[in-house]
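[1] fold the following.
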Amino acid sequence: MSVQRFLVLGAGPAGSATAITLASAGHAVHLVEKSRIDVPRVGELLSVEGQQWVERLLPDSFQSFYLTKLGVVGAWAERELSRYSPPSWWALDRTGLDLALAKRAQEEGARLELGAGVANLKRQGSLWHYSVGESEYQADWLVVATGRGAQGVGSHTHRLDRQVALVAFLEGEYRSTNDMLMESTELGWWYGAPIDAQRAVAVFVTDSDLDRGEPEEAWRARLSESVHAQERFSHMTLHHKPRRVAAGFSILRPAYGPGWVAVGEAAAAFCPLSSMGVGRALETGVRVGNCFVEAAGREAAPNFLALAEQNGAEFHLYSRLLADSYRQVFHFPNSVFWSRRSARSGSRRFITGMPKTPKLLFPEGQNFECSDCDKCCTSSWAPPVERELLAPLGETKPRPGYTPLRLFSDGQVVVNSDDDGNCVFLDEHRCQLHGTGLKPQACEQFPFTFTPTPEGVVVGVSFLCKSVQENTGKPLSSYRGQLTTLASKVPHTVIEKEVALSWGRTVSFIKYRAWQEQLLRARNPIVELRSLRWNLVHLLRDRPTPKTMPFKQMQRLEITMAMYLAASLQSSFSLEDMDSSAEQLLNDREVEQLMRDSRLPDTAWFRDEVFRFLRALIQRGFLLSQTPLLQRLSLLAGLPRFLEYHTLLMAAQEGAERPEKRHLFSSFDIAELELIPDAKRDLLTQAFFHWHMQLGEGEPSFYPHQKSALYGYCFETSPSKLEELREGA
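    Predicted structure coming up:
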């Protein structure tokens, strides 16, 4: 193993954990921290998971930094205080812990410099040149561990919200129970806990545009509006003036590049509700360090792409889980803060002030005219309900025997439906809410969709609509006036100018638009999708695209993805069952014969309608979502064979002599309701991405040495599938 030189910027938990891992493996590490680690830091509470990493890295001294054992109580979804967890957390001596971790890196052989800054940092050839004080140094690798807001070379921080935290450290006698408190209020939420008998921390989290004034004044005002936080902390005095810090979800894209990689909150930051501060930082630091060590042992380049994909997949899943928790708070119906968190959309970076009149972009060749067919009210579609409508809608009286609203486990509230999928407000083909001012925005807007882009708002339509499926009526542009009004009511979020190609890489929107135009202009979008996916796999691997595409492998992959999509409809709550169901479908000779004998893809009407559906999805911005482009392309590539299978299945179940358009339109319904919506099949598309990266004879495993129970499905399941793909089965 060749010894390599590392400059690690930042001696917080992530930077020190990376330095410890590298130095203990014999590498030369320069760990530089601009502070002296002598003032209180945010992140003073340690979860059970975090304790495991502290104890692993400081096995002989970790107990000296554990000050007070804490349970968790809260008034989150209810106003009354409830116990969430028995004593299992610890309040930390955070400055002592951070200093001990940095000293541990020094003991392992790292050069540690505190209270020092790095100057004249630049990359020349394959080396980094920099100076600290009067001394000049060189390094092979740069590790960025400077926390939130860090910037890599050519990177951009993608933020999901505008959350900030008002942080206050308190002193005086703490008189309540040894618990961490979580309390929701009108403008945000509190968390706080005793550090020891004479010290505590109390933090208020809100959106930056809702946080006004000098920090201490704002902190005291928010404390006076609370119930339980005020009771526990108002009698204590401020040890330091409160300060504002960033407290939202953000991810750095790309998080690596030639000669550098980001780690900890510099790579991906979570909101305080995730409880992932110190523990997550230590885990990712060790992960990055091991990535370097293993690569050096193999005399190979570190697999930063795999590292970024794992990090991004975890970021996406945890941000979704935390969004579910935010949606559980209903007892502030007029709160701007909680209203922003009621939808399932990923971004909560809303543009404040008066929105401009949106510039609408219309697709060509698509028509629509409502025929009052009631399909949108009878198809099991569940329109989400805005927070301000919950109270008045909850008091209405729909069809006897039914409540007006339904609450999902993730906190989403929708209009209720009966056992047959009919809206409870549908009465004799008429909507009882029409003209009352209580109709949800989703109902008013159907079948239109709005996707903001740097060029304008793209107007699309849902193929759940009968008129859209049949392409009858007037061009969409003829509804410009009505749609301008509807689009202006949609909350406007910050529009990103970069498109995520993978979790760790981005491309410009201009480059994306060129690819989109290629797909839309292609005579056969399925063939063009195949070519684009093959090119992107090699672009991500920084390799030239081979002239010959493994055609059979790509086709087999498309069939595999289609059967997994079909299996996901049967086994949506169990990944193991889904895998088993897909295996059965792929090995079912009757299914194989049904699809082989039908020659449905060669039928002109089927091919034309499927192509129109694919183009409509691309035009309306399906590929521009919170999940990366290659994942969405993979789902899109699996759709044609899924539609073929489902169309044949519908015809066979009906006993029809041959498949007809109505059977395909039924498949469009299923796709729109179950496969297309954001977050419906995220874990599945992550697996699709993984399978694409495995393509190519003799290529190394894309996820070497990574074992994760939480993400086992994405990274490890179905090795037989991967083997079949390699063999061109």
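[2] helix/strand/coil for the spatially closest residue to Glu231 that is not a sequence neighbour?
    Among residues not flanking Glu231 along the chain, Ser176 sits closest, at 7.3 Å (C-beta to C-beta, 6 or more residues apart in numbering). To be clear about C-beta, it is placed using only N, CA and C from the backbone, and glycine gets the same treatment. What DSSP: H, G, I helix; E, B strand; the rest coil gives for Ser176 is coil.
[3] how many neighbouring residues does Ser176 have?
    Neighbour count for Ser176, taken as other C-beta atoms under 10 Å: 15.
[4] quick one: it and Ala229 touch, right?
    No. The pair Ser176 / Ala229 is not scored as a contact, 10.4 Å apart, by C-beta atoms under 8 Å.
[5] ok, what's across the strand from Cys137?
    To be clear, residue 137 is Tyr; Cys isn't right here. Beta-bridge pairing for Tyr137 (DSSP bridges): Tyr130.
[6] off-centre distance for the helix or strand where Thr485 lies?
    Assessed by DSSP states H and E, Thr485 sits inside helix 480-489. Computed by C-alpha atoms, centre = their mean, to the nearest Å, the chain-centroid distance of helix 480-489 equals 29 Å.
[7] buried sites along that helix?
    483, 486-487 (16 or more other C-beta atoms under 10 Å).
[8] need the strands for the stretch 101-250 of the chain, in chain order.
    Per DSSP state E, counting those that start in this stretch, the stretch 101-250 of the chain carries strands over the ranges 111-114, 118-124, 127-132, 135-139, 141-144, 156-159, 163-171, 179-185, 188-196, 199-207, 237-238, 243-246, 250-253.
[9] check those strands for me: which has the lowest mean pLDDT.
    Here the lowest mean pLDDT among the strands of the stretch 101-250 of the chain goes to strand 156-159, at a mean of 88.
[10] give me the contacts around it.
    Contacts of strand 156-159 from elsewhere in the structure, counted by C-beta atoms under 8 Å, 6 or more residues apart in numbering, are 149-151, 248-253, 349, 494, 496, 498, 500, 506.
[11] give me the buried subset of those.
    Buried subset of these (neighbour count, 16+ other C-beta under 10 Å): 150, 248-253, 349, 496, 498, 500, 506.
[12] list just the nearest of those to His434.
    Closest to His434 out of the buried ones among the contacts of strand 156-159 is Arg349 (33.6 Å), distances taken as C-beta to C-beta.
[13] how near is the closest residue to the closest one other than its chain neighbours to Gly115?
    Using C-beta to C-beta, 6+ apart and skipping residues adjacent in sequence, the residue nearest Arg349 is Val494, 4.2 Å away. Taking C-beta to C-beta, to the nearest Å as the measure, Val494 falls 37 Å from Gly115.
[14] what stretches of the chain score poorly on pLDDT?
    345-348, 350, 352-355, 571-574, 696-729 (pLDDT under 70).
[15] how does it divide into domains?
    Per automatic domain parsing, the structural domains of the chain span 5-323, 360-489, 522-726.
[16] on that earlier part again, tell me the helices and strands packed up against the helix or strand that comes right after the helix holding Thr485.
    Under the assignment DSSP H and E, the closest C-terminal helix or strand after helix 480-489 is strand 498-500. The contact analysis (3 or more C-beta pairs under 8 Å, 6 or more residues apart in numbering; DSSP states H and E) places strand 498-500 against strand 156-159, strand 506-508, helix 509-521.
[17] can you lay out these as TSV showing distance to Leu57?
    Formatted as TSV, the helices and strands packed on strand 498-500 follow (distance: least, C-beta to C-beta, whole Å):
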stretch	distance to Leu57
strand 156-159	27
strand 506-508	33
helix 509-521	41
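[18] looking at these, which is closest to Val336?
    Taking these one by one with C-beta to C-beta, strand 156-159 is closest: 18.2 Å.
[19] any idea which residue sits dead centre in this structure?
    With distances taken as C-alpha atoms, centre = their mean, His316 lies nearest the centre of the chain, 2.5 Å away.
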